[in-house]
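Pasting the sequence and the predicted model now:
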Amino acid sequence: MPENEPNEDKLFLERYQNDRKLHRQDLIKQIEKITQRRLIVYTAKFGHPAAAINRDDIPIIEDLLHTISSSGAKGIDLMIHSSGGELGSTERILYMIRKRFRNFRVIVPNTAKSAATILALGSDRILMGPTSELGPIDPQIIKVLPNGNTVLIPAYSLINTLEGIREKVEKDAAASQIYLPILSNVEPEMIDICEKTIAESKEIAETWLKRYMLKRHPKKAKAIIDDLGSTKRFKTHGKLISGEEVKKMGLNVMILNDKQPLWKLMWELYYRSELLIRDDPATVKLFETNDSSINIRAIQIQPK
């Protein structure tokens, strides 16, 4: 191919990607026309460590918030699909939003787990639909595997495992010989990290819940947080908590049905965002507004 001749394949791909982006942004504008509020979309790839809520999100979200607040907007919606992440970064995001906007809602088109659930608890209202779910607020910690890869594991998993071993050994002393090899691989500092992270998770969630969504009924907050942070009620980190259950807990939630035009637009917007992430294995996050689109890509490490 001559040097100056355009690469038609590349141009087609660029046009295709740009068309999809413009379609998503048009959906955002349609949603904003109905809600009369500005919207930020945060879609993350489930199961990928780099997709967790983390400090790298801060400058991106700050930039988007600054631009939106400069337009004079008083209310803002955050549509989030995320498995959670760092508590510190989650709280910073809440501070940044609350510093600028009088009213804040979280839209959950599909799943908001762990720290993403805490983000929802820091809002004034949660919008959910037939596919929406929150999750227990048991925090996740990063664990480095022997091969150097990292995974996110629920902090309660380690604590509950050790508690289970203790109970078995108390019933049968001989069982200690079976569990000694397992215990020898447990790093003592991890126990302390898990316990403190669990306590911090509950503290942050209760503080924000009292400050905004339940400011008129602050006494209800502790019972709700005890429920959301309990492995007795919610035995696994991935437990589904539907909109109906969220409402029964006493949280301020609006449940939309799949016939409502607003929900149809929200679902299409989410699904189109999800498809972009699925189509590109390197993309782990997508941040969008009606005039901005930011893809976060992770380096793909090939196994040796």
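Structure received.

Quick one: the helices in the stretch 201-304 of the chain, in order.
Taking DSSP state H, counting those that start in this stretch as the criterion, the stretch 201-304 of the chain contains helices spanning 219-228, 243-249, 261-279.

from the chain's centre, how far out does the shortest one sit?
On the basis of Cα atoms, centre = their mean, to the nearest Å, helix 243-249 sits 19 Å off its chain's mean C-alpha point.

list the helices and strands it packs on?
The elements that helix 243-249 packs onto, with contact taken as 3 or more Cβ pairs under 8 Å, 6 or more residues apart in numbering; DSSP states H and E, are strand 125-128, helix 219-228, strand 253-255. Every C-beta, even on glycine, is put in place using the N, C-alpha and C of the backbone.

Least confident of those, on average?
Averaging pLDDT over each of those singles out helix 219-228 as the lowest, with a mean of 92.

can you list contacts of that helix?
By Cβ atoms under 8 Å, 6 or more residues apart in numbering, the residues outside helix 219-228 that reach it are 117, 136-137, 202, 205-206, 209-210, 214, 233-234, 241, 249-251.

thinking again about what came up before, turn the helices of the stretch 201-304 of the chain into JSON lines, columns for mean neighbour count.
Converted to JSON lines, those look like this (neighbours: other Cβ atoms under 10 Å):
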{"stretch": "helix 219-228", "mean neighbour count": "17"}
{"stretch": "helix 243-249", "mean neighbour count": "16"}
{"stretch": "helix 261-279", "mean neighbour count": "18"}
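
quick one: low-confidence parts of the stretch 1-150 of the chain?
The stretch 1-150 of the chain contains residues with pLDDT under 70 at 1-17, 142-146, 150.

which stretches of it form strands?
Taking DSSP state E, counting those that start in this stretch to define them, one finds strands in the stretch 1-150 of the chain at 38-44, 75-81, 103-108, 111-112, 125-128, 133-134, 140-144, 150-154.

Dump the ones you listed into TSV; add distance to residue 293 and mean neighbour count as well.
Formatted as TSV, the entries for the strands of the stretch 1-150 of the chain read as follows, by distance: least, Cβ to Cβ, whole Å; neighbours: other Cβ atoms under 10 Å:
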stretch	distance to residue 293	mean neighbour count
strand 38-44	9	25
strand 75-81	14	22
strand 103-108	18	23
strand 111-112	21	25
strand 125-128	22	22
strand 133-134	26	24
strand 140-144	28	16
strand 150-154	26	16
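
want to throw those strands into JSON lines with distance to residue 269?
Conversion of those to JSON lines gives the following (distance: least, Cβ to Cβ, whole Å):
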{"stretch": "strand 38-44", "distance to residue 269": "7"}
{"stretch": "strand 75-81", "distance to residue 269": "7"}
{"stretch": "strand 103-108", "distance to residue 269": "9"}
{"stretch": "strand 111-112", "distance to residue 269": "15"}
{"stretch": "strand 125-128", "distance to residue 269": "13"}
{"stretch": "strand 133-134", "distance to residue 269": "18"}
{"stretch": "strand 140-144", "distance to residue 269": "27"}
{"stretch": "strand 150-154", "distance to residue 269": "26"}
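
nearest to residue 287, of these?
The closest approach between residue 287 and any of the strands of the stretch 1-150 of the chain, judged by Cβ to Cβ, belongs to strand 38-44 at 5.8 Å.

Of all the helices of the stretch 201-304 of the chain, which one comes closest to residue 29?
Taking Cβ to Cβ as the measure, the helices of the stretch 201-304 of the chain were each checked against residue 29, and helix 261-279 came out nearest at 9.9 Å.
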